[in-house]
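S.K.: When you get a sec, could you give me coordinates for this:
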Amino acid sequence: MARTDNDTWEITESVGATALGVASARAAETRSENPLISDPFAQVFLDAAGDGVWNWYSASTLAPELLEAEPELALQMKAMVGYMASRTAFFDRFFLDATGAGIRQAVILAAGLDSRAWRLAWPDGITVYELDQPRVLEFKSSTLAEHGAQPACNRVAVPVDLRQDWPTALRQAGFDASAPSVWSAEGLMPYLPAAAQELLFDRIHGLTAAGSRVAVEALGPKFLDPEFRARRRERMERIRALMADLDPDREVPRTDELWYFEEREDVGDWFRRHGWDVTVTPSLELMAGYGRGAAKEVEDTVPGNLFVAAQRA
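M.R.: The predicted model follows:
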């Protein structure tokens, strides 16, 4: 699963499979007794992709052998579903607040299987640009079309790798850099080297007019903490070994092999340095605010990401 320059993937492979895993968490939250979000299309993607380890969060039960060996696993999974639900609610609200204030262009970077263009109540006249690899966007649009779903806005797919010249592709798709816009970078930062993150923000800054807004799921200090990384890897290796015994045909991937563990500038600091007004919310604080706080026993398993909201003065 290790990354290479200019690598690509099917939806069931590499970074694509992680998008299915997030969809599984959104499907689980949507089915819950008191859902924070509603994503009726998450299960549609899972059904289209077929059975796989990405169905982990949406499984109705866990094998008793797993729970016996890892008694906190159910709490860990509940915490991760709560994290994904809170993350989704944060970006949903960010887009709706910005477009409700008059912004008419929205850009979703690394859109993956995000279905906001279909499921949010967008104001009239909104254009949503979705950027991602061609295979990912094609899987999403074709799957939802077969399901009879129609976008709730003027949705424009921009099939491009974010390591390429995506600003030119975005402009050619109709984006107007002279008008305010609202952007999201959700679930993206660990998959970018430090230099690519810097370039991404430089490009966003060059494409945004005054009044534009950007929301980023940024990496927190825990991401590079060697002790946290070691505990995470040890826990994952135990689960991988158990799953190999229970279901040899279903290998649990080492998702951290897809990430770039490199020192990089704090995202909030980057935007402040470039003249943006910034607020930062740690993940546990965000979850608590949405009533999705993790149990104390498993708080350490929740990603220590920071949710950055920035507005260009």
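S.K.: From here on, just use CA atoms for contacts and neighbour counts.
M.R.: Will do.
S.K.: how close does P221 sit to G304?
M.R.: 7 Å (C-alpha to C-alpha, to the nearest Å).
S.K.: Compare neighbour counts for these two and give me the winner.
M.R.: A direct count of neighbours by other C-alpha atoms under 10 Å for P221 and G304 places G304 higher, at 17 against 12.
S.K.: for that one, what are its contacts?
M.R.: G304 is in contact with L219, G220, P221, K222, F223, P282, S283, L284, counting by C-alpha atoms under 8 Å, 6 or more residues apart in numbering.
S.K.: For ChimeraX, what selects the buried ones among those?
M.R.: Applying 16 or more other C-alpha atoms under 10 Å to the contacts of G304, the buried members can be selected in ChimeraX as follows:
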select :219,220,223,282,283,284
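S.K.: between the contacts of G304, which is closest to D92?
M.R.: Comparing the contacts of G304 against D92 with C-alpha to C-alpha picks out S283 as the nearest, at 15.8 Å.
S.K.: And that closest one, how far from D300?
M.R.: 11 Å.
S.K.: re earlier: check the contacts of G304 against H205 and report the nearest one.
M.R.: L219 (19.4 Å).
S.K.: Would you mind measuring from the closest one to F261?
M.R.: Relative to F261, and taking C-alpha to C-alpha, L219 is found at 10 Å.
S.K.: Same check on D300?
M.R.: Distance from D300 to F261, by C-alpha to C-alpha: 19 Å.
S.K.: ok, now A42?
M.R.: 29 Å.
S.K.: So for these two, which sits in the more crowded spot?
M.R.: Ranked by neighbour count (other C-alpha under 10 Å), A42 and F261 place A42 first, with 22 against 17.
S.K.: who's in contact with the more buried one?
M.R.: Applying C-alpha under 8 Å, 6+ apart to A42 gives the contacts A23, S24, R26, A27, L113, S115.
S.K.: hmm, which two among those are most spread apart?
M.R.: Longest distance between any two of the contacts of A42 is 13.1 Å, between S24 and S115; criterion C-alpha to C-alpha.
S.K.: now the helices for the stretch 151-300 of the chain?
M.R.: Remark: helices assigned in the stretch 151-300 of the chain by DSSP state H, counting those that start in this stretch are 166-172, 194-207, 226-246, 267-273, 283-289.
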